[in-house]
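>>> Generate a structure from the sequence data that follows.
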Amino acid sequence: MPIVNRVADLQPDIQAWRRDIHENPELLYDVHRTAAFVADRLREFGCDEVATGLGRTGVVGVIRGRKPAGNAEVKVIGLRADMDALPIEEETNLPYASKTPGKMHACGHDGHTAMLLGAARYLAETRNFAGDAVVIFQPAEEGGAGAAAMIKDGLMDRFAIDQVYGMHNGPGIPIGSFAIRPGPIMAATDAIDIRIEGLGGHAARPHMCIDSVLVGAQLIAALQSIVSRTVDPLESAVISMCEFHAGNARNVIPQTAELRGTVRTLTDEVRKLVEKRVREVVAGVAQMTGAKIDLVYERGYPVVVNHASQTDFATQVAKEVAGDANVHDMPPLMGAEDFAYMLEARPGAFIFCGNGDSAGLHHPAYNFNDEAIVFGTSYWIKLVENTLAA
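Predicted coordinates for the structure are as follows:
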C-alpha cells in the first residue's frame, strides 16, 4: 500500500504514544495529563506555535510550510483529533489496559490523538507544503461539546483556518480501508427527560389512582410510533426511550415515574418535526390521563454534514493512501459527533478509517487497532500536502 514510508518508520513511536494515552484515560474536559502530553510532543517536534487552554483544555499546534502560499485559495488547513475517554470499566486484559477504574478509551480517541501527533511530527520535519497546517486536539467529544467550546474560544479565527477535517476509526471496516460520504454522515442527537406525576395508592384500588407506570407505558408506545407514523419513510429518525424508573413495591401504584431517551435525526427539517411531535404527544397523554407531565427536550450535537467539494478531495486523498478499491461510500450513521460544530464553522469532511474486526465502539472489550496507525497518519499527511500544494 502507498503509505508514507517515514510513517512506517514512526509507527513504533506512534504506537507507544497511543498505549501510554490508553493506560491513562481522562474524561470530558478533565484531560490535563493528555493535553500536557500532546503539548510536550508538539514542542519537541518544533511546531511554530503551541497553544493550550482553548475550550478549557484543548491544544493547538501550528506548522508552517516552507513553500510560499502565494494566492492559493486555501492557506490554512485544520486537522482535528479528540482526546477524551469514556466512563466504562475496561475488559480487555491488555498489558496497557486502563490504570484508572471506571475509565477507558472505548472509542479510540487514544488512536486518533496518536495518529495526529505522528502526522504533526512528520509535517514539522518535512514542511513540504505551502501555508499552515493546524493540528487540533480537542477535549470533551463524548457529550461535552468540546468542539463548540474551542470554536467559542476563537479556534477558527485565531488560526485563520480555511478548511477543517476530522477522522474516526471504524470497527468492522477492514484495516487499510476508508469510508466516507458527502452530506449527512452522522446524526443530530437530542435528549428527552420526562417526569410523570400521577396519584399513587394501593395496587388493589387502581380506580382511585392515576397510575404513573401506565402513563409511562402509554407515553413510550406513543413516542416510539412518531417515527413510523409521522416521519417520511424515505427519511431517517430514531426515538429510543431507554430509561424507565418508577416504584419500589409490588403492591403500591407509584406517585411518580421518570423516562429518559434519545432522538437521532439526519436533517434539520426532521429534527424540528420530531421535537414538535414529541411535545404534542406528551401534552396529549397528559390531557388523556390526567397526569402532570414535565418534559425537558434538550438539543445536543447537530448533524455532521460533509461538504461536497471537500469530501471529493478527501476521497481522492484516501484513495492515494489505500487504493481505489479500499475507499468506500457509506450510509449515514445514527451515532453523533461534535465535529459537526466545526463543519458548521468551516467547510471540510469527516472520514472513517478501518479498525478491522474489533469490538464495537463504547464496548468494554474495544481496543484501537495499532495496524491502522500507518493508514490514518498517512491520510493526514497527504491531506495537508495535497491541499496546501505550492
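
>>> now the helices for the chain?
Assigned by DSSP state H, the helices in the chain fall at 5-23, 32-45, 109-126, 146-152, 155-158, 212-223, 226-230, 268-289, 308-322, 339-345, 373-387.

>>> Would you reformat these as JSON lines and include distance to Gly170, mean pLDDT and mean neighbour count?
In short, each C-beta sits where N, CA and C put it, glycine included. As requested, the helices of the chain are exported to JSON lines (distance: least, Cβ to Cβ, whole Å; pLDDT from 0 to 100; neighbours: other Cβ atoms under 10 Å):
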{"stretch": "helix 5-23", "distance to Gly170": "17", "mean pLDDT": "95", "mean neighbour count": "18"}
{"stretch": "helix 32-45", "distance to Gly170": "22", "mean pLDDT": "98", "mean neighbour count": "18"}
{"stretch": "helix 109-126", "distance to Gly170": "11", "mean pLDDT": "98", "mean neighbour count": "26"}
{"stretch": "helix 146-152", "distance to Gly170": "20", "mean pLDDT": "98", "mean neighbour count": "23"}
{"stretch": "helix 155-158", "distance to Gly170": "26", "mean pLDDT": "98", "mean neighbour count": "17"}
{"stretch": "helix 212-223", "distance to Gly170": "31", "mean pLDDT": "98", "mean neighbour count": "20"}
{"stretch": "helix 226-230", "distance to Gly170": "25", "mean pLDDT": "96", "mean neighbour count": "15"}
{"stretch": "helix 268-289", "distance to Gly170": "25", "mean pLDDT": "98", "mean neighbour count": "16"}
{"stretch": "helix 308-322", "distance to Gly170": "12", "mean pLDDT": "98", "mean neighbour count": "20"}
{"stretch": "helix 339-345", "distance to Gly170": "14", "mean pLDDT": "98", "mean neighbour count": "22"}
{"stretch": "helix 373-387", "distance to Gly170": "11", "mean pLDDT": "97", "mean neighbour count": "25"}
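
>>> nearest to Glu91, of these?
helix 5-23 (13.8 Å; Cβ to Cβ).

>>> can you pull the contacts of the spatially most central residue of the chain?
By Cα atoms, centre = their mean, the chain has its centre lying nearest to Glu337, at 2.9 Å. Counting by Cβ atoms under 8 Å, 6 or more residues apart in numbering, Glu337 touches 141, 166, 168, 186, 301, 304, 350.

>>> Of those, which belong to strands?
Judged by DSSP state E, those include 166, 168, 186, 304, 350 as members of strands.

>>> Distance check, the first one against Glu23.
If I follow you right, that is Gly166. Using Cβ to Cβ, to the nearest Å, one obtains 25 Å as the distance from Gly166 to Glu23.

>>> Ok, the second one next?
Plainly put, His168 is 21 Å away from Glu23 if you go by Cβ to Cβ.

>>> Then the third one?
Between Met186 and Glu23 the distance, using Cβ to Cβ, works out to 29 Å.

>>> can I assume Val303 is in contact with Gly183?
No. Contact between Val303 and Gly183 fails when scored by Cβ atoms under 8 Å: they sit 9.2 Å apart.

>>> more crowded one of those two?
Legend: neighbour count by other Cβ atoms under 10 Å for Val303 and Gly183, higher for Val303 (24 against 14).

>>> Just give the nearest non-adjacent residue to the more buried one, would you?
Computed as Cβ to Cβ, 6 or more residues apart in numbering, the closest residue to Val303 that is not its neighbour in sequence is Ala188, at 4.6 Å.
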